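> Fold the following, please.
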Amino acid sequence: MAGLTETGDKLNEFMPSEDGRKPVVVVDNVHVEYRVHAAGRKAPGTGRSLLNRTRGLRTVHALKGVSFMAYENESIGVIGSNGSGKSTLMRALVGLTPPSQGAVYAASRPNMLGVGAALIPELSGEKNIMLGGLALGFGKAEIDELRDDIVAFAELEEFIDLPMRTYSSGMQARLKFAIAASKQHEILIVDEALAVGDQRFRQRSEARIREIRENAGTVFLVSHSMKSILDTCSRVIWINKGVLQMDGEPKEVVAAYRDSRK
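Residues are numbered from 1 along each chain as shown. Take a look at the predicted model:
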């Protein structure tokens, strides 16, 4: 079973883009299979389970031979219907879900946008900024310098001293995004992070993603918002039932995806 491999040597075997940019992520024939327990179905009108028909382990083939290369300074949208395999692909990129077959090669470890696991609802937003910053690898002095920018980006100036459990879900999500986006990531994965907040916050979030990309970062954006995808991404990958259906120019891929859903 192969997993995420951080290696510059392996990436040197792959061709650069037409304009000379180096590949920073290579997904090579990745398959992901889950083994799950199947629940018994009830026989109609009896209330008794049909265990002999459905009991036991079931294999779910979430990704089926996905291959592509991502280059430095790209912003790649990842689209597809619910259950298509988008999040599984992103988890494979960061090493959380090892492929059953194939491999992922990366110039550095991709980072999933989000520090939620490090934050504590009972603590104030202020103290959670410190915790989130430490989780991202910042020192205390660096976090102190970034504090005002994070609070302003999240638009929480009046609430930053309150416990995070008192925040609305949108306020919590804004704070998490502001903390995570304060770091310049070489390879960043954003999974539905732009689905929260009003239009102004989404625009500012998209601008921050473009800034990361322009500073030689590579960004993957997973979203059901085709507007966010078209406004932010230079390339789009469409995953359909675990298969890489299409990879190309955003308008073309989004149009084909929309047509498939009519």
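> could you pull out the strands for the stretch 151-262 of the chain?
Taking DSSP state E, counting those that start in this stretch, the strands of the stretch 151-262 of the chain run over residues 187-191, 218-222, 235-240, 243-248.
> Please identify the most buried of these.
Across those, the average number of neighbours (mean count of other C-beta atoms under 10 Å) peaks for strand 218-222, which reaches a mean of 25. For glycine as for every other residue, the C-beta is placed from the backbone atoms N, C-alpha and C.
> From the chain's centroid, how far away is that strand?
7 Å (C-alpha atoms, centre = their mean, to the nearest Å).
> ok, back up a step: weakest of the strands of the stretch 151-262 of the chain in terms of mean pLDDT?
Sorting the strands of the stretch 151-262 of the chain by mean pLDDT places strand 187-191 lowest, at a mean of 86.
> Tell me who's in contact with residue 213.
The neighbourhood of residue 213, defined by C-beta atoms under 8 Å, 6 or more residues apart in numbering, consists of 73, 74, 75, 219, 234.
> could you dump those to a markdown table with distance to residue 243?
What follows is the contacts of residue 213, written out as a markdown table (distance: C-beta to C-beta, whole Å):
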| residue | distance to residue 243 |
| --- | --- |
| 73 | 27 |
| 74 | 21 |
| 75 | 23 |
| 219 | 23 |
| 234 | 23 |
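> Narrow those residues to just the buried residues.
When neighbours are counted using 16 or more other C-beta atoms under 10 Å, these contain these buried positions: 73, 74, 75, 219.
> from those, which is closest to residue 125?
Ranked by distance to residue 125 (C-beta to C-beta), the buried ones among the contacts of residue 213 are led by residue 219 at 25.6 Å.
> Which residue ranges make up each domain of the chain?
Residue ranges for the structural domains of the chain, counted by automatic domain parsing, are given in the record as 4-39+50-112+219-260, 117-180.
> so which of the ones you listed comes closest to residue 186?
Of all those, domain 4-39+50-112+219-260 sits nearest to residue 186, with 4.8 Å by C-beta to C-beta.
> Among the strands of the stretch 151-262 of the chain, which comes closest to residue 58?
Each of the strands of the stretch 151-262 of the chain has some distance to residue 58 by C-beta to C-beta; the shortest is strand 243-248, at 19.5 Å.
> Relative to the closest one, what are the paired strands and their orientations?
Taking DSSP bridges as the criterion, strand 243-248 forms sheet pairs with strand 235-240 (antiparallel).
> Show residues contacting the partner strand.
By C-beta under 8 Å, 6+ apart, the residues outside strand 235-240 that reach it are 63, 66, 68, 74-81, 84-86, 89, 229, 244-250, 253-254, 256-257, 260.
> Would you mind checking those for buried ones?
Buried members of the contacts of strand 235-240, scored by 16+ other C-beta under 10 Å, are 63, 66, 68, 74-80, 84-86, 89, 229, 244-247, 250, 253-254, 257.
> Roughly how far does the nearest residue to residue 254 once chain neighbours are set aside sit from residue 90?
What sits nearest to residue 254 in space, not counting adjacent residues and going by C-beta to C-beta, 6 or more residues apart in numbering, is residue 226, at 5.2 Å. Residue 226 sits at a distance of 18 Å from residue 90 (criterion: C-beta to C-beta, to the nearest Å).
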